[in-house]
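Asks: sharing a sequence plus its predicted fold:
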Amino acid sequence: VQLVESGGGLVQPGGSLRLSCAASGFTFSSYALSWLRQGPGKERELVARISSALGIINYADPVKGRFTISRDIAKNTVYLQMNSLKAEDTAVYYCNAVRRDRYTNDVYDYWGQGTQVTVSS
């Protein structure tokens, strides 16, 4: 099982980046997919989430209207398009996939290694 993020980097305020998270080793479409971030000296926080079955999307208030989460089930990849980036978006961004087995109640929770996003002039 593996989640591999890519697409991070240094960008100026107001710029854009697209993060990708490629999954392997599990049934991608059965998992809720999320992007989380952890800024310097801060707790890890949820940025955006897309549910497994219906594809319902939720965003954290600070990124609403600027970030877009999407998934390509055929490619086993989830994306985070980030526009109008601000200095406060600087963080390590993590991809997460989670599923609860409805019969056993076991939780399957996978994380990527993280990708650094730095917004600075």
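Replies: The structure has been received and is ready for your questions. Numbering: from 1, shown residues only.
Asks: how about residue 74, secondary structure?
Replies: Here residue 74 is recorded as helix under DSSP: H, G, I helix; E, B strand; the rest coil.
Asks: quick check: longest strand in the protein by residues?
Replies: Among all segments of the chain classified by DSSP state E, the strand with the greatest residue count is strand 91-100.
Asks: what are the contacting residues of the helix or strand just after that one?
Replies: The first helix or strand that comes after strand 91-100 along the chain, using DSSP states H and E, is strand 107-111. Defining contact as Cβ atoms under 8 Å, 6 or more residues apart in numbering, one finds that strand 107-111 is touched by 1-3, 23, 26, 31, 94-101. Placement of C-beta: from N, CA and C, glycine included.
Asks: and the residue nearest the centre of the chain, which helix or strand is it part of?
Replies: The centroid of the chain falls nearest to residue 35 when counting by Cα atoms, centre = their mean (2.0 Å). Under the assignment given by DSSP H and E, the secondary-structure element containing residue 35 is strand 32-38.
Asks: list the contacts for residue 50?
Replies: For residue 50, the contact set (Cβ under 8 Å, 6+ apart) comprises 32, 33, 34, 56, 57, 69, 70, 71, 78.
Asks: got a list of what the residue nearest to residue 25 when sequence neighbours are not counted touches?
Replies: Leaving out its chain neighbours, the residue that sits closest to residue 25 by Cβ to Cβ, 6 or more residues apart in numbering is residue 1, at 3.8 Å. Residues in contact with residue 1, defined by Cβ under 8 Å, 6+ apart, are 24, 25, 26, 110.
Asks: so in terms of bridging, what pairs with residue 81?
Replies: With beta bridges defined as DSSP bridges, residue 81 has these partners: residue 18, residue 68.
Asks: that one: neighbouring residues, count only.
Replies: Under the neighbour criterion other Cβ atoms under 10 Å, residue 81 is assigned a count of 15.
Asks: if I look at it, how far off is residue 69?
Replies: Here residue 81 is placed at a distance of 8 Å from residue 69 (Cβ to Cβ, to the nearest Å).
Asks: that's all I had, so thanks and see you.
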